[in-house]
Structure formats: structure tokens, C-alpha cells
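A.B. asks: No letters, just coordinates:
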């Protein structure tokens, strides 16, 4: 006995001689919905259930988890995502790391919504997705960017009529200091736990003494180092020739590739000589094989925790290297050349921060001159144990109120900074208290 046909299911033969199945109910408007897939297959039955549920505006039947590997039906969100990846030019132009990031994000989206019709996705659905990621602005931005690229492409190619992401503002990045910058104490603590001759020491010194990003550090190897003979003045004052290792590497940032070249520091050279290193890359597995940047980043974070350093990362070392270079007087152009920055914004950030620190150190003593100070003799910035000790020179004032030749009147009981310079007949400079 043949199986009874499903309710509202009809078939017809089109002008090409093919059998076409569709659902239709005259009582609810008579609109036909085509059912794709081979009759009786998992795909066909799922598309039928969705069409009937949509026709009566009721919840769709749940999909058996065992069917997740089945072919997706045309028009679903998962189908649209696969179409976008296969045909969109902007997807082909993205880097592999971006592909991995967006596939990971969409995997979670499609697990819950992959079988929904793409045309049924509304603006509110996108806003709800952003709301679920409100505590992580970065994840929210990636979610909106990924969905927007897909839907804009779909509308441009007449697959969909409307873009549900249109008019939604991109979430602003969180106002934070970003990755924690390593301090000297952090580095010393890491060194104590991971001495020379360990793979962990290779990782931190490559980061710290090259300023490389995670991906560039992971691919950094002997092929990026060449030796050059240079001349320098030796201790005896004579010109001598020395061999200097030069690092030359192409750095990748987004769609740009920047080449940097600079001498390898002796401290890094000694670390690499102590090993262990790989044959292709300096940072390697225990078997000497190269590692992906994600593996290097995760491994380094684990070793930081093992050293008692929580919330420390590889990028924090890059910030530390830029900070040290700026505080040691590196110019913006020099910072750009070292770290591969293509504009002056990042370099300016570090030089301004370094200059601000120098100005603060040099200008804090001027706070003593503030009018209305209760006790000018109390130097709260003195590094000596006794309050106020070291903040005033020995007085050159004689008991009768006169000044020794070349002396300074530093009597803090009056205004010590209003002084006049007078010249004696012998042209020696003397300081006299104003009004004397």
C-alpha cells in the first residue's frame, strides 16, 4: 500500500518535464511554496515542515540533531552563509586568520539559527544578537560586521530584498587601556621562573627584543637573519670590523605588508644561542616544528600563569618594548621603523606618554612654589627618611643677614624665589634678598 501524501503537498510537472513539489492551502491565501530536495529525503521533509509552519505562522518542528550533517536547504541562513563564502569577492580577499575568526563566530550563530529562512531575519534579531554580546564590545563588533557583509552581498545579488543590519550603528570599542603593559618586575619574575636554555625564555625574549606581533614572532626564524660586516671604533681607538646579525622581516598587519630591518640585540642573540630553537622558526614545539600564532599565544599565556603572572600577554610585551624605546628617546620615525607602524598615531601615543612622564618628573618640584603653602620646608617629594631633609642647601646667610659671595638666600620663612642678581665691583655674582 503506498504511503499517503503529506497534507497540503502537491506536485506538478513543469515545462522541462521535471516533477516539482510544493505546499499550498487555499484557506490561508493559496500561496505556493516550493519544496526542494528529493522526495522523501531528510532535506525534503525538513523543507516541508518549515514551509507548513510558516504557512500557518506557528513554531516550526524541531530538527533531529542527527540531521545536522544533511545538506542545507536553499534559502536558509546556513545556505546563505555558504553561498557568501563561495561567491563573495570580499571573502576571497580576506586573510586566513579572518576566515577562521568569522567561521568560529558563525558556527555558534548557525547552531541555533542555521535552519531559519534568511529572508525571515529581521533587524530585531540582529539587535538581540548584539544585546547578548553587550558585555564584550569586541565580539559585538565582529558579529555585526560579519552579518552585515553577508547581508549586503545578498541584497546586491538579488538573493534578499532587505538588509536587516541597515541602520544599526557599530558598537564603540570599550574604553580601556587594552592589554596590560609588562613592568620590569614582571620580566624579572618571568626570567626567574624560566631561565636561559628554556623554550619559554626564547618566547619572551623574541617578543621583548624585536617588538613583533604574535604572528610575526611565531614565523620568525633563521631565514630572517643575515650577517653583515660593519666597522666600528674599538676600545683602543682603532677601527675594527665586526660581524653584526641583521633582522629583516616582512610584517603583516591587516591587508598591509611592511618590511622592517634592524640589528639583533646581543641579549637576544645570547638567548637564541642557548636554545632550544627550531630549524625553521626560533619558537617551536618540543620536536622543533613551527607553531601557529594561536598556539604560540596560548602557550605563552600558560607559561606566564606558571610564573605567577596573571593577566599578562604577548601584546603587553610589545607595548612594554615601545614604552622603553620611547622613554629612551626614540623618535616617532624610529618607532615606526621598529614596530612596522604605517602612520604616526601609535608612535605619537608612546612618545607623548614618555614626554609627559619626563615633564612630570621635572616639574613636580615646582609644586613647592605654590602660594599659600603651609610649610615650605616640608618637601613631600624628598627621598630621604627625615621629612624635609635634603630639600634645602646650607644657608650662606651670615648671622647679620648678609650674603657670602656667590651664596643663595634660601631662608624659607620668606619668599625664597624672589631674588635679584647684583654684580659687585669685581664682577662676581651675588644674590641678595629682594628689598635688601
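C.D. replies: Okay, I see it. Everything quoted here is computed from the prediction, not taken from an experiment.

A.B. asks: Please enumerate the helices of the stretch 51-200 of the chain.
C.D. replies: For the stretch 51-200 of the chain, the helices defined by DSSP state H, counting those that start in this stretch cover 77-87, 89-93, 96-113, 123-132, 137-156, 184-193, 199-210.

A.B. asks: Output the ones you listed as CSV; include the columns mean neighbour count.
C.D. replies: Glycine gets a C-beta too; all of them are placed from N, C-alpha and C. CSV is the format used below for the helices of the stretch 51-200 of the chain (neighbours: other C-beta atoms under 10 Å):
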stretch, mean neighbour count
helix 77-87, 18
helix 89-93, 11
helix 96-113, 14
helix 123-132, 14
helix 137-156, 18
helix 184-193, 14
helix 199-210, 23
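
A.B. asks: Of all those, which one is nearest residue 235?
C.D. replies: Residue 235 sits nearest to helix 199-210 of all the helices of the stretch 51-200 of the chain, at 24.8 Å, using C-beta to C-beta.

A.B. asks: Quick one: name whatever helix or strand follows that closest one.
C.D. replies: Next in sequence after helix 199-210, counting helices and strands by DSSP states H and E, comes helix 214-219.

A.B. asks: Tell me the buried residues in that following helix?
C.D. replies: 214, 215, 216, 217, 218, 219 (16 or more other C-beta atoms under 10 Å).

A.B. asks: Closest to residue 158 out of the residues you listed?
C.D. replies: residue 215 (38.2 Å).

A.B. asks: ok, the closest one touching residue 293?
C.D. replies: Yes - contact criterion C-beta atoms under 8 Å: residue 215 and residue 293 qualify, at 4.0 Å.

A.B. asks: and for those two, which residues touch both?
C.D. replies: residue 97 (C-beta atoms under 8 Å, 6 or more residues apart in numbering).

A.B. asks: Export the helices of the stretch 51-200 of the chain to a markdown table and append columns for mean pLDDT.
C.D. replies: Output for the helices of the stretch 51-200 of the chain, formatted as a markdown table (pLDDT from 0 to 100):
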| stretch | mean pLDDT |
| --- | --- |
| helix 77-87 | 91 |
| helix 89-93 | 88 |
| helix 96-113 | 87 |
| helix 123-132 | 90 |
| helix 137-156 | 92 |
| helix 184-193 | 91 |
| helix 199-210 | 90 |
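
A.B. asks: show me the contacts for residue 180.
C.D. replies: Taking C-beta under 8 Å, 6+ apart as the test, what residue 180 contacts is 311, 312, 313, 316.

A.B. asks: Which one of those residues is nearest to residue 192?
C.D. replies: residue 312 (14.5 Å).

A.B. asks: what residues are up against the closest one?
C.D. replies: Here residue 312 is in contact with 180, 182, 186, 301, 304 (C-beta under 8 Å, 6+ apart).

A.B. asks: now the first one: how far from residue 141?
C.D. replies: Spelled out, that is residue 180. 21 Å (C-beta to C-beta, to the nearest Å).

A.B. asks: With the third one instead?
C.D. replies: Counting by C-beta to C-beta, the gap between residue 186 and residue 141 amounts to 30 Å.

A.B. asks: export the helices of the stretch 51-200 of the chain to TSV and tack on distance to residue 50?
C.D. replies: Formatted as TSV, the helices of the stretch 51-200 of the chain follow (distance: least, C-beta to C-beta, whole Å):
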stretch	distance to residue 50
helix 77-87	12
helix 89-93	27
helix 96-113	13
helix 123-132	17
helix 137-156	19
helix 184-193	56
helix 199-210	51
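
A.B. asks: which of the residues in stretch 160-179 are buried?
C.D. replies: For stretch 160-179, using 16+ other C-beta under 10 Å, the buried residues are 160, 163, 164, 165, 171, 179.

A.B. asks: So the last one sits against residue 316, correct?
C.D. replies: This points to residue 179. Yes - if you go by C-beta under 8 Å, residue 179 and residue 316 touch, sitting 4.4 Å apart.

A.B. asks: quick one on the thing from earlier: out of the helices of the stretch 51-200 of the chain, which comes closest to residue 12?
C.D. replies: helix 77-87 (24.2 Å).

A.B. asks: So which residues lie in contact with that closest one, not counting its own?
C.D. replies: 72-73, 91, 106, 109-110, 113-118, 121, 149-150, 153-154, 157, 159-160.

A.B. asks: between that helix and helix 137-156, how many degrees?
C.D. replies: 80 degrees (axes from the mean of the first three to the mean of the last three C-alpha atoms, to 10 degrees).

A.B. asks: in the chain, which strand has the most residues?
C.D. replies: strand 239-253 (DSSP state E).

A.B. asks: Can you tell me which helices and strands the next helix or strand after that strand packs against?
C.D. replies: Remark: after strand 239-253, the chain's next helix or strand is strand 256-263, criterion DSSP H and E. On a contact count with 3 or more C-beta pairs under 8 Å, 6 or more residues apart in numbering; DSSP states H and E, strand 256-263 meets strand 239-253, helix 332-339.

A.B. asks: In terms of mean pLDDT, which of the ones you listed ranks lowest?
C.D. replies: Ranked by mean pLDDT, the helices and strands packed on strand 256-263 end with helix 332-339 in last place, scoring a mean of 70.

A.B. asks: Let me know the average pLDDT across stretch 299-317.
C.D. replies: 89.

A.B. asks: end-to-end on that stretch?
C.D. replies: This stretch, stretch 299-317, spans 15 Å end to end (C-alpha to C-alpha, to the nearest Å).

A.B. asks: And it, what's buried?
C.D. replies: 299-301, 303-304, 307, 309, 312-317.

A.B. asks: what's the closest of those residues to residue 126?
C.D. replies: residue 315 (30.2 Å).

A.B. asks: give me every residue that touches the closest residue in space to that closest one that isn't next to it in sequence.
C.D. replies: Among residues not flanking residue 315 along the chain, residue 179 sits closest, at 4.4 Å (C-beta to C-beta, 6 or more residues apart in numbering). With contact set as C-beta under 8 Å, 6+ apart, residue 179 has these partners: 313, 315, 316, 319.

A.B. asks: where's the second one, which helix or strand?
C.D. replies: Secondary structure here is read from DSSP H and E; on that basis residue 315 sits in helix 314-327.
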